[in-house]
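# compute the structure for the input listed below.
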Amino acid sequence: MAAADSPSTALLRRDLCSRAIRLAGKMRADVVDLLDAYVEQQGLDASASVAAVEGVPLAAVERWDEQTGTQRLLENLAAYRAFRTLLAQMLEEQREQLGEADAGLGRALAAVLLQVSAFAYHLEELLRLESRGIPGEEGDGPAPPPRLSLFEQKLRGLGVLRELAQWAVRSVRDLRQLAKPSPATGTASGLAESP
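Okay, here's the model as predicted:
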């Protein structure tokens, strides 16, 4: 039996998935709260349509059910690494724009940034568990966007937070799929297998 198929590895995988699912749920709730505060503080319309934002990974995926567990983890990891960079940029812009005028929004952004970092770490641990190589970070994520006007920064921030909320939903779905017991063995299905 391969190490990835051992009962102890399956239990560890389920435990890691369970903790990551709880973190993703908390993160989504915090992002939704942050999104409401962000829209209000930035003077935006909550229903504003935001085109795809450069550097923001889209949570929607075609043929989700055909992806392997490893593909799911790698896509999630790449997305959360990108969000870590984007949220750090937003936090810096927020500090430049408001200074300490709205420290609450800055603290909320910083808290979500920490959750994103912790979630990326959980994904790396799941990949390590399966003896998969952890892809290196290419630089520090997406290249810094060109200098945007204040309004464009606000809209980009709105797009980042909306998509992060969608990723949290997708991540829970991906992790639940990974944690499902395999019908043949009764253990969690291997990451390289198709669901």
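
# only C-alpha atoms for contact and neighbour calcs from this point on.
OK.

# which element follows the longest helix along the chain toward the C-terminus?
In the chain, with assignment by DSSP state H, the single longest helix is helix 7-42. Beyond helix 7-42 on the C-terminal side, the first helix or strand identified by DSSP states H and E is helix 69-98.

# how far does the helix or strand that that next one is followed by sit from its chain's centre?
Next helix or strand after helix 69-98 toward the C-terminus (DSSP H and E): helix 103-129. Here helix 103-129 is found 8 Å from its chain centre; the criterion is CA atoms, centre = their mean, to the nearest Å.

# can you start the count at 501 instead of 1 from here on
All right, first residue 501 from here; so that's helix 603-629.

# for the following helix or strand past helix 603-629, buried residues please.
Once the chain leaves helix 603-629, the next helix or strand it forms, by DSSP H and E, is helix 650-679. Judged by neighbour count using 16 or more other CA atoms under 10 Å, the buried positions of helix 650-679 are 653-672, 674-679.

# quick revisit: and the longest helix of the chain, what does it pack against?
In terms of contacts (3 or more CA pairs under 8 Å, 6 or more residues apart in numbering; DSSP states H and E), helix 507-542 is packed against helix 603-629, helix 650-679.

# list the contacts of the residue nearest the centre of the chain.
In the chain, the C-alpha nearest the mean C-alpha coordinate belongs to residue 580, at 3.8 Å (CA atoms, centre = their mean). Contact analysis of residue 580 by CA atoms under 8 Å, 6 or more residues apart in numbering lists 616, 617, 619, 620.
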